[in-house]
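[1] model this:
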Amino acid sequence: MEGIKIRRLGWAGHIIRMEQEMIPKKGLNGNFYTTRTVGRPRTRWADVVQRDALQLLGIRGWRRRAENRDEWRRLMREAKARKGMWRHIWMDGLAHGDQRRHLYLNFRIKKFKDIL
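    Sure thing, here's the model as predicted:
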């Protein structure tokens, strides 16, 4: 379940950095005026992202942090490491060409497989 939450946070960071005229950005920031039904308000996607950011990253104000891509990437890698998602960090390391991180995390993946 944490993998889904982490990927949702990654997508949220991507949306925050989009241009204003992009459809996902309009959907996140949009205020859709309709008549509200009686009862508890529906949970919005941004509310779920806020809850995930607090739970996994331990931060409030995720929108401000997500605007800075380097900081958001660092927070995402830390969350993946805490949850034991070595394979995802390994793939990120490959995508960005950090050979030292690649070798270290590849070693961790092999060690984890040996335990299982």
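
[2] what about this protein, any weak spots by pLDDT?
    By pLDDT under 70, the low-scoring segments of the chain are 32, 84-116.

[3] which residue ranges of it form helices?
    Using DSSP state H, the helices of the chain run over 2-16, 23-29, 45-52, 62-67, 69-82, 86-96, 99-115.

[4] can you list the buried residues in the second one?
    What it means is helix 23-29. 25, 28 (16 or more other Cβ atoms under 10 Å). Every residue, glycine included, has its C-beta placed from N, CA and C.

[5] what's it in contact with?
    With Cβ atoms under 8 Å, 6 or more residues apart in numbering as the test, helix 23-29 has contacts from 12, 15-16, 18-20, 45-46.

[6] of those residues, just the buried ones, ChimeraX syntax please.
    Burial among the contacts of helix 23-29 is assessed by 16+ other Cβ under 10 Å; the matching ChimeraX selection reads:
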select :12,15,16
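
[7] what's the farthest-apart pair in the contacts of helix 23-29?
    E19 and W45 (19.2 Å; Cβ to Cβ).

[8] as a quick check, tell me the outermost residue of the chain.
    Residue distances from the centre of the chain (Cα atoms, centre = their mean) peak at V38, which lies 32.7 Å from the mean C-alpha position.

[9] quick revisit: need the contacts of helix 23-29 in CSV (columns: distance to E71).
    CSV is the format used below for the contacts of helix 23-29 (distance: Cβ to Cβ, whole Å):
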residue, distance to E71
A12, 14
I15, 16
I16, 12
M18, 17
E19, 20
Q20, 21
W45, 22
A46, 19
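
[10] please identify which of the contacts of helix 23-29 is nearest to K80.
    When the contacts of helix 23-29 are compared against K80 (criterion: Cβ to Cβ), the nearest one is A12, at 15.2 Å.
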